[in-house]
Every structure is written in C-alpha cells, then in structure tokens.
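# Provided below for reference: sequence and predicted model.
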Amino acid sequence: MVDNHHKPLPRGLNGLILCGGQSRRMQTDKSLLEYRRLPHWQYVQALLEPFVSETWVSCRKEQASQFAGTAGLLFDDDNSGMAGPAAGMLAAHRRFPATGWLVVACDLPLVTAESIQALVKGRDPSLQATAILNPEKEWPEPLLAIWEPSGLQVLEENAGEGRCCPRKTLQQLTSALISCSNPAELFNANTPGERLLAEKELAEKLSGKS
C-alpha cells in the first residue's frame, strides 16, 4: 500500500464506498466478501483513509449494523424511486453539497492504493470529475472516480429526469481522465464465478507468479 500519511490531505474530498446493491447475482453481500482476510468494505476503507478527510458508506438501512467504524452511513433507501449507485452518490451529495467524493464500488476486488493515489494526484477540482479511462471499454470508469459537486449536480438533474446511470452522466462531464496502468483493478466481481477469478488473481500475486 502507498504510504501517504505524511502528505497533506486534499481539501474538500471525502471517500464513499458504495455497498447498497442487492448482490442478487453474487448470492451474498459483496461488501462482506473476504478477499484479503477482512470484509472488502474494510479493505477499501483502509485504502481511502490516507487520501480523504472522511470515509462514508452508502447502504440500505437493513445493512446498517454491518458497517461499524465508519465516519457515517448514507442510506440509499431515502432516495425513493431511485435504485443503483446513483442513490448512494446523491445521498452523499445532499449531505455535503460542497464536498467532492472519491467513489469506490464494493465490487472491485482488485483495486489498490495505486489507483486511488492516481485519482487524487490527477484531480482538478475546477473540473466536474476525475476518472480512470477503462482501456477495454473505452469509457471513463464512474465507480472508481472523483465526483466534484458540480458533476454530482448534473447527476442529480439527470436522475430527476429518470436518467440515473452514473456512466452516462460521467460521459457528459468535463473530466480529467487518468490512464489506467493496471486494467485488472477495474474488474467487477458480480457473480460467484467472477469472485473465483478475482481470488485466483490475488493468490497468484501473493505467490509471486504475476
């Protein structure tokens, strides 16, 4: 992990871990999977800690007891009629409308501090977002990105018109785009099979095979 504890924290930046999904395809809560001998949300929280002022978790109210030790919880359920990651992101924006948010989805098992550091280093708060460009899909990754207040305001306006997709909103924004040094970090694990692939990748790294 990158040691950033002795560097000044960026102003006006909180961390947000998106944990409110139903995890139907995985058949178990993705945020609680232990890829590294601790629940994945705790691993992400530790990654974010050196780079942000506070880290919050967005979740459903029924999940609240799972996330002790965070700065606080934001409830997706409060955004009636809205589903998916936009609900958590807008809950964060409404709570702290002048704050930027470093958003990380809980289904990114291979994410490391290097990607977090690259986003923070490449951040331009005068723009609407900072995102990693996915080299395979050729679009900016919306759920491993920094969303500035102005970008989240556009997401809120779009959601009000029924357009809740963070990726499509991100493609509208004026953003700083970061080259992806390790595309594996953008791998989404949403099914038991994808979980096994992620576990294999991590095991190979630990054994020095990759």
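Yep, it's here.

# can you give me the buried ones in the lengthiest helix in the chain?
Looking across the chain with DSSP state H, the single longest helix is helix 192-206. Under the neighbour-count criterion of 16 or more other C-beta atoms under 10 Å, helix 192-206 has 194-195, 198, 201 buried. Placement of C-beta: from N, CA and C, glycine included.

# redo these as a markdown table? Include pLDDT.
Below are these laid out as a markdown table (pLDDT from 0 to 100):
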| residue | pLDDT |
| --- | --- |
| 194 | 94 |
| 195 | 92 |
| 198 | 94 |
| 201 | 92 |
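
# which one of those residues is nearest to residue 12?
Of all the buried residues of helix 192-206, residue 12 sits closest to residue 198, with 32.6 Å by C-beta to C-beta.

# next up, the contacts around that closest one.
When contacts are counted by C-beta atoms under 8 Å, 6 or more residues apart in numbering, residue 198 touches 35, 109-110, 187, 189.

# and the residues you listed, which are buried?
Using 16+ other C-beta under 10 Å, the buried ones in the contacts of residue 198 are 35, 109-110, 187, 189.

# within the sheet, what are the partner strands of the longest strand along the chain, with directions?
Ranked by residue count, the top strand of the chain under DSSP state E comes out as strand 139-147. Strand 139-147 sits in its sheet next to strand 100-105 (antiparallel), strand 129-134 (antiparallel), going by DSSP bridges.

# hang on, the earlier thing: export the longest helix of the chain to PDB, keeping only CA atoms.
Output of helix 192-206 as PDB, limited to C-alpha atoms (Å, rounded to 0.1, in the frame of the first residue of the first chain):
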ATOM      1  CA  PRO A 192     -19.600 -16.500  -7.900                       C
ATOM      2  CA  GLY A 193     -17.600 -17.300 -11.000                       C
ATOM      3  CA  GLU A 194     -16.100 -13.800 -11.100                       C
ATOM      4  CA  ARG A 195     -15.400 -14.000  -7.400                       C
ATOM      5  CA  LEU A 196     -13.300 -17.100  -8.100                       C
ATOM      6  CA  LEU A 197     -11.400 -15.400 -10.900                       C
ATOM      7  CA  ALA A 198     -10.600 -12.500  -8.500                       C
ATOM      8  CA  GLU A 199      -9.400 -14.900  -5.800                       C
ATOM      9  CA  LYS A 200      -7.200 -16.700  -8.300                       C
ATOM     10  CA  GLU A 201      -5.700 -13.400  -9.400                       C
ATOM     11  CA  LEU A 202      -4.900 -12.400  -5.800                       C
ATOM     12  CA  ALA A 203      -3.500 -15.800  -4.900                       C
ATOM     13  CA  GLU A 204      -1.100 -15.600  -7.900                       C
ATOM     14  CA  LYS A 205       0.100 -12.200  -6.900                       C
ATOM     15  CA  LEU A 206       0.700 -13.400  -3.400                       C
END
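
# mind giving me the packing neighbours of the helix or strand bottoming out on mean pLDDT in the chain?
Lowest on mean pLDDT, DSSP states H and E among the helices and strands of the chain sits strand 72-75, with a mean of 87. Strand 72-75 is packed against strand 55-59, helix 85-95, with contacts defined by 3 or more C-beta pairs under 8 Å, 6 or more residues apart in numbering; DSSP states H and E.
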